[in-house]
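Asks: pasting the sequence and the predicted model now:
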Amino acid sequence: MIISKARSIMVLLCGAILSAGCGGEISQASRDEATILVAWEPNPEPVLGYEVFYGDTVDAVDKFAADVSALDPDADLSAPAVELRSDRDLGLSKGDQVCFKVKAYDATDVSNYSAPVCTTIPG
C-alpha cells in the first residue's frame, strides 16, 4: 500500500502543561519551558501511526520527537496530535526556532515527509 504524505501540519505554543489542548492560544510558559502541540490532518488511507521529527531549520528536521501509534490506547488517529515540552522533550530554550515534519506509516510502507512548519519558542 502506498501512503499519501501526512498533510497540513499545525503547531501551537502553549503555557506550561496542557490538560486538554491549547485552544489556539500562544502564550509564554510559566517557567523556561513551553508546551508545543503538533497536530495534522489524518492520512486519507488507514495507517498504523505517525512519526514526528524536528530540527532547528527546515533543512535540519531529522531528529525523532514522537510516535503517534494505533497501538497507544490514548492516540486518536482520526485527529492526530502530540504534545511536546520544549526543554524536556526537545532540548530547546526561549527564542529557539523549531521546525516539524510528520511521516505516516503502515505495516509495509512509510510516507514522505509532510511540508515543514516552524515556530519560535516564546521568551
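Replies: On my side now, so go ahead. Residues are numbered from 1 along each chain as shown.
Asks: poorly predicted segments of the protein, please.
Replies: The chain contains residues with pLDDT under 70 at 1-32.
Asks: so how far does stretch 48-66 reach from one end to the other?
Replies: 14 Å (CA to CA, to the nearest Å).
Asks: residues making contact with that stretch?
Replies: 6, 38, 40, 43, 67-71, 75, 77, 80, 82, 84, 89-90, 96-107, 110, 113, 116, 118 (CB atoms under 8 Å, 6 or more residues apart in numbering). (Each C-beta comes from the backbone N, C-alpha and C, glycine too.)
Asks: doesn't residue 85 make contact with residue 33?
Replies: Yes: using CB atoms under 8 Å, residue 33 is in contact with residue 85, at 5.5 Å.
Asks: of the two, who's got more company?
Replies: The neighbour comparison of residue 33 against residue 85 (other CB atoms under 10 Å) goes to residue 33, with 20 against 16.
Asks: quick one: neighbours of the nearest residue to that one once chain neighbours are set aside, just the number.
Replies: Distances taken as CB to CB, 6 or more residues apart in numbering put residue 87 closest to residue 33, at 4.3 Å, once the chain neighbours are dropped. Applying other CB under 10 Å, we find 16 residues neighbouring residue 87.
Asks: spatially central residue for the chain, please.
Replies: residue 38 (3.3 Å; CA atoms, centre = their mean).
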